[in-house]
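Trainee: mind looking at a prediction? Sequence and model below.
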Amino acid sequence: MTQIAEVIVDVPTMQTNTPYSYKIPAALSDQLQPGMRVVVPFGNGGRKVQGFVWQVKPDAKPDPEVTLKTIDTVMDPTPVVNAELMQLAGWLARTTYAFTITCLQTMLPNALKAKYQKWVKPSPELSQPVRQQIFGEQSELLWDDSLKPEIVKQLLTLNRQHLVQVHYAVNNQSHVKKITMVKPAMSTNELVRARKALRSTAVKQATLIDYLIAHREPISQPELEHNLKVTSTILNTGEANGWLTRQAKEVYRDPFQTAVAQTAALHLNADQEKAVHAICEATDQQHPETFLLEGVTGSGKTEVYLQAMANALKQGKQALMLVPEISLTPQIVGRVRGRFGKRVAVLHSGLSAGERFDEWRRIQRGEAQVVVGARSAVFAPLKNLGVIIVDEEHEGSYKQEDNPRYHARDVALWRSRYHHCPVVLGSATPSLESRARAQKNVYTRLVLPHRVNQQQLPQVTVVDMTEELRHHKESNFSTPLMTAIQDRLQRGEQTLLMLNRRGYSSFVMCRDCGFVLQCPNCDISLTLHMDTKTMKCHYCGHEEPIPHICPNCHSRHIRYYGTGTQKVEQELKSLLPAARIIRMDVDTTRRKGAHERLLRRFGSHQADILLGTQMIAKGLDFPDVTLVGVLNADTSLGLPDFRASERTFQLLTQVSGRAGRAEKPGQVFIQTYNPDHYAIQLAKTQNYEQFFGREMQLRHRGNYPPYYFAVKLTASDVDEHKAAEAMVSIVRKLKTVLTPKAILLGPTPSAIARVNKRYYYQLVIKYKKEPQLDSALFEILSQAQKVSRGGLQIAIDRNPMSFM
Ligand code: ADP
Ligand code: ZN
Ligand code: ZN
């Protein structure tokens, strides 16, 4: 009887997107479980690749016609992907047109995404001189880019002659952090005797023995050295004399630098109470219900989450809370940690790979009951979920832009069905999709219509910038906003200023000929970065020095344009020299922990003004902020996309909600060139329900989501014709399977038609019910791979966040 394992190999192509059968070697019989990583030979050359055990068949009867290859080695003592996540990977692959292997890899922390290393070893038959010449004193050689070409050539020949052997090691450094622990190795009496035998000059040794006599429990070496003011030499002596032993102990890196004070559950108001009650009931009855928690900013949604999670923990279950990366601020994390302390694990991109891996292992081992994290935390290996929270559920960053193009909210809903637990989608401005489902009673709607403690929503003023421009020359600040800022400075209150930077940046333009410096690879102008004094492309990373002479007409009148945060900061400084300003954007928050430091400084009132991009719009809760200014509300409105109004409304509502959260009332100024636009007018009154009604009408009229589903196909190639041709033939093919009810937009060049030397063409399909669409799309994907490797690329995005 042969044991066979079905393995998903790490060869991401359509053709290999199915499990392959391998024989399990005797040494591994009854050892393998689904979700373990293995190394297997693959293809004709028997190249070693990594794979995931998908299924184990203990008594398979293999087809005698087929000779199965045998698994090489196993990489994990226990599965790294559990049964639930294996099943989820299969579902993800089917619904996002991705490869199962890509889905599996996506679920793991980077530290577990193995790289392969190629090693060469001399065979016993290899002659001594050649061996010496190639290997020197080494027993094997790492075969990488650093090898000289002539050596590589020689090795290839030797390999054919079987005089060297090549093997692949999968670099499985799981980066477990260890610390040395010191503990006494003798009884107290023996130590006392050793102490007496010391020379009187051996003061440090005596200190060490005294310590060992007094403390029997292990202590970390750095701590001991610090406490006793001794060096490691003394500890070496201690070990050599048998006084103490040292042992490496696995430790977790602590991503939290600061301690958080414990908080207790607040007394809920009636609306909160109702919401918490409904969610807890679903947890207790194991009901996979989806709640839409619609609460104005400052209505206490977070408290509802915390109490719903506490209830899950009380039931012996676990809780998962997703927040958008941009609002994964220390404030939010602090509030969760304040309630649940050490039971919390945090997953976000600010952690080092090692810290992330440690947090992941704590979850995997069941040592953390609460997980807070951004998009990919939705794959946290929690085994017994009692509730899942998706905060700011409308946020576009929950959708991954690369393969697999999943939406964390959809994954959360899948896991809720698997675990029979509720999901809470929370927002002050729900996505139209979710709100529409609540309308149809697919989701249960819970509403928090008032701010906590009856605080007023901030008073919002819309400032017409065309009017302002007529009065004074170009400035980022209108008179009413500037007056309000000065007023706050005098009162010692704080101001948030947001620069809406989407699709907007600083660039360099020649005043004489109008030349704008473009990226040589992409259809986009280069962005000015003052910190590095360079021009950068935000799409491909191309970088070049700032020009001082126009490359086109050689004029010296080359100037900076656009309103980058740096420029606004400069203007602010010259207008208000006494104001203390903190600038928060991608440039100032690039370094690890910078985000947190800046916010802490602002929170402790070391600055009067926080100036930033969208990253300051969400989740911040500072009691002294009584003024919010939006410098340019229009930039997101002008985008040629069906979600432009929705995005603008959401952003304005969110950022307005930062003002006047404590006793002092808040005030908001929105500067715009489109003061009458409904998204701006309704953001002014924070009237989500009215916005929803209005926007739904427009979507209905235009056949947009949520009335229609959508799929976006993109073809790209270095050759523009090939990309266009591919799209045209895809359209021809699709037309044969689609019903007449499907609506095709395109093919057209994408909004940014060229990125990194590749040309992009796209097609959007809007549809309600197309039974043949899925199989046609899979077919297109697998065709595309056969056509050309490296050249043409086809991407398929179901429910795209935008049509651009
Ligand atoms: P949201 O998440 O809806 O914007 P928060 O949860 O941040 O609102 O709540 C706003 C403020 O009100 C916070 O400072 C929070 O501590 C406080 N808060 C929430 N619920 C209560 C309550 N039931 N009693 C007193 N204060 C509350
Ligand atoms: Zn570029
Ligand atoms: Zn010029």
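Mentor: Okay, I see it. Ligands and ions are numbered 1, 2, ... in the order given.
Trainee: for G386, report the pLDDT, please.
Mentor: With respect to pLDDT, G386 scores 98.
Trainee: check V423 too.
Mentor: 98.
Trainee: what's the burial count for it?
Mentor: Neighbourhood size, V423 [other C-beta atoms under 10 Å]: 28. All C-beta atoms are positioned from the backbone trio N, CA, C, and that covers glycine.
Trainee: do the one 3 residues further on as well
Mentor: As a burial measure, G426 scores 26 neighbours (other C-beta under 10 Å).
Trainee: ok, and the closest non-adjacent residue to it?
Mentor: L293 (4.2 Å; C-beta to C-beta, 6 or more residues apart in numbering).
Trainee: pLDDT score assigned to that neighbour?
Mentor: 98.
Trainee: which residues of the chain lie near ligand 2?
Mentor: Within the chain, the positions adjacent to ligand 2 are 519, 521-522, 537, 539-540, 542 by C-beta under 5 Å from the ion.
Trainee: using JSON lines, lay out those residues together with distance to T237.
Mentor: Formatted as JSON lines, the residues of the chain next to ligand 2 follow (distance: C-beta to C-beta, whole Å):
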{"residue": "C519", "distance to T237": "62"}
{"residue": "N521", "distance to T237": "62"}
{"residue": "C522", "distance to T237": "63"}
{"residue": "C537", "distance to T237": "59"}
{"residue": "Y539", "distance to T237": "60"}
{"residue": "C540", "distance to T237": "58"}
{"residue": "H542", "distance to T237": "58"}
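Trainee: out of the residues you listed, who's nearest V40?
Mentor: C540 (35.7 Å; C-beta to C-beta).
Trainee: wait, isn't that closest one in contact with N756?
Mentor: Yes - using C-beta atoms under 8 Å, C540 is in contact with N756, at 4.0 Å.
Trainee: more neighbours: which of those two?
Mentor: Just comparing C540 and N756: by other C-beta under 10 Å the higher neighbour count belongs to C540, 17 against 14.
Trainee: I'd like the distance between the more buried one and Q307.
Mentor: From C540 across to Q307, the span is 47 Å (C-beta to C-beta, to the nearest Å).
Trainee: tell me the secondary structure at the residue nearest to G426.
Mentor: strand (DSSP: H, G, I helix; E, B strand; the rest coil).
Trainee: could you do F340 as well?
Mentor: Relying on three-state DSSP, one would call F340 helix.
Trainee: what's near enough to touch it?
Mentor: 309-310, 313, 369-370 (C-beta atoms under 8 Å, 6 or more residues apart in numbering).
Trainee: can you do 6 Å?
Mentor: F340 sits next to V370 when contact means C-beta atoms under 6 Å, 6 or more residues apart in numbering.
Trainee: gap between it and V333?
Mentor: Taking C-beta to C-beta, one finds F340 at 11 Å from V333.
Trainee: same thing with Q315?
Mentor: Taking C-beta to C-beta, one finds Q315 at 24 Å from V333.
Trainee: tell me which of the two has more neighbours.
Mentor: V333 (21 against 15).
Trainee: and the pLDDT for the more buried one?
Mentor: pLDDT at V333 comes out at 86.
Trainee: now whichever helix or strand it is part of - C-alpha only, CSV.
Mentor: Here V333 sits within helix 330-340, counting by DSSP states H and E. What follows is the C-alpha trace of helix 330-340 in CSV, where atoms were taken according to Å, rounded to 0.1, in the frame of the first residue of the first chain:
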residue,chain,number,x,y,z
PRO,A,330,-1.5,53.5,18.2
GLN,A,331,-4.7,55.1,19.5
ILE,A,332,-6.9,52.3,18.2
VAL,A,333,-4.5,49.6,19.2
GLY,A,334,-4.1,51.3,22.6
ARG,A,335,-7.8,51.1,23.2
VAL,A,336,-8.0,47.4,22.4
ARG,A,337,-4.9,46.6,24.5
GLY,A,338,-6.3,48.7,27.3
ARG,A,339,-9.2,46.4,27.5
PHE,A,340,-7.6,43.0,26.7
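Trainee: so how far is that helix off the chain centroid?
Mentor: How far helix 330-340 lies from its chain's middle: 19 Å, per C-alpha atoms, centre = their mean, to the nearest Å.
Trainee: immediately after it, which helix or strand?
Mentor: Past helix 330-340, the next helix or strand by DSSP H and E is strand 344-347.
Trainee: partners of that next one, with directions?
Mentor: Strand pairing for strand 344-347, using DSSP bridges, gives strand 370-373 (parallel).
Trainee: what angle do whichever helix or strand comes after the partner strand and helix 330-340 make?
Mentor: Counting by DSSP H and E, the next helix or strand C-terminal to strand 370-373 is strand 385-391. Here strand 385-391 runs at an angle of 160 degrees relative to helix 330-340 (axes from the mean of the first three to the mean of the last three C-alpha atoms, to 10 degrees).
Trainee: what about strand 385-391 and ligand 1, touching?
Mentor: No - using C-beta under 6 Å from any ligand atom, strand 385-391 stays clear of ligand 1, coming no nearer than 7.7 Å.
Trainee: now do that strand: distance to the chain's middle.
Mentor: 18 Å.
Trainee: how many other residues sit next to the residue nearest to G426?
Mentor: Neighbourhood size, L293 [other C-beta under 10 Å]: 29.
Trainee: any idea how far it lies from G603?
Mentor: 26 Å.
Trainee: helices or strands up against the helix or strand where A319 lies?
Mentor: Following DSSP H and E, one finds A319 within strand 318-322. Packing partners of strand 318-322 (3 or more C-beta pairs under 6 Å, 6 or more residues apart in numbering; DSSP states H and E): strand 370-373, strand 385-391.
Trainee: would you mind listing what in the stretch 601-750 of the chain touches ligand 1?
Mentor: 621, 661.
Trainee: can you give me the strands in the stretch 601-750 of the chain?
Mentor: 609-612, 625-630, 667-672, 709-717, 743-755 (DSSP state E, counting those that start in this stretch).
Trainee: listing partners with orientation, what would you give for the fourth one?
Mentor: Sheet partners assigned to strand 709-717 using DSSP bridges are listed as strand 758-767 (antiparallel), strand 793-798 (antiparallel).
Trainee: and if you look at the shortest one?
Mentor: For strand 609-612, the paired strands and their directions (DSSP bridges) are strand 494-498 (parallel), strand 581-584 (parallel).
Trainee: so what's the residue count around the residue in the stretch 401-550 of the chain that ligand 1 sits nearest to?
Mentor: Across the stretch 401-550 of the chain, the shortest distance to ligand 1 (C-beta to the nearest ligand atom) belongs to V452, at 3.9 Å. Here the number of neighbours of V452 (other C-beta under 10 Å) works out to 17.
Trainee: contacting residues for it?
Mentor: Counted by C-beta under 6 Å, 6+ apart, V452 has contacts G300.
Trainee: over to it: give its phi and psi.
Mentor: phi -60, psi 150 (degrees, to the nearest 10).
Trainee: low pLDDT regions in the stretch 451-600 of the chain?
Mentor: 472-473, 501-507, 530-531, 560-563, 586-587, 590 (pLDDT under 70).
Trainee: helices of that one, start to end?
Mentor: Secondary structure of the stretch 451-600 of the chain (DSSP state H, counting those that start in this stretch): helices at 465-471, 479-491, 565-575, 594-603.
Trainee: what does the third one rub up against?
Mentor: Right, the one you point to is helix 565-575. 476, 499, 530, 581, 583, 585, 611.
Trainee: what two of these are the furthest from one another?
Mentor: Maximum distance among the contacts of helix 565-575 (C-beta to C-beta): 16.3 Å, for N476 and M530.
Trainee: what's the average pLDDT for stretch 409-419?
Mentor: On average, stretch 409-419 scores 98.
Trainee: how about that stretch as CSV, C-alpha atoms only?
Mentor: Provided in CSV are the C-alpha atoms of stretch 409-419 (Å, rounded to 0.1, in the frame of the first residue of the first chain):
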residue,chain,number,x,y,z
ARG,A,409,-14.7,42.0,4.0
ASP,A,410,-15.6,39.1,1.8
VAL,A,411,-13.0,36.9,3.5
ALA,A,412,-14.4,38.0,6.9
LEU,A,413,-17.9,36.9,5.7
TRP,A,414,-16.6,33.6,4.6
ARG,A,415,-14.9,33.0,7.9
SER,A,416,-18.1,34.0,9.8
ARG,A,417,-19.9,31.2,8.0
TYR,A,418,-17.2,28.7,8.8
HIS,A,419,-17.0,29.6,12.5
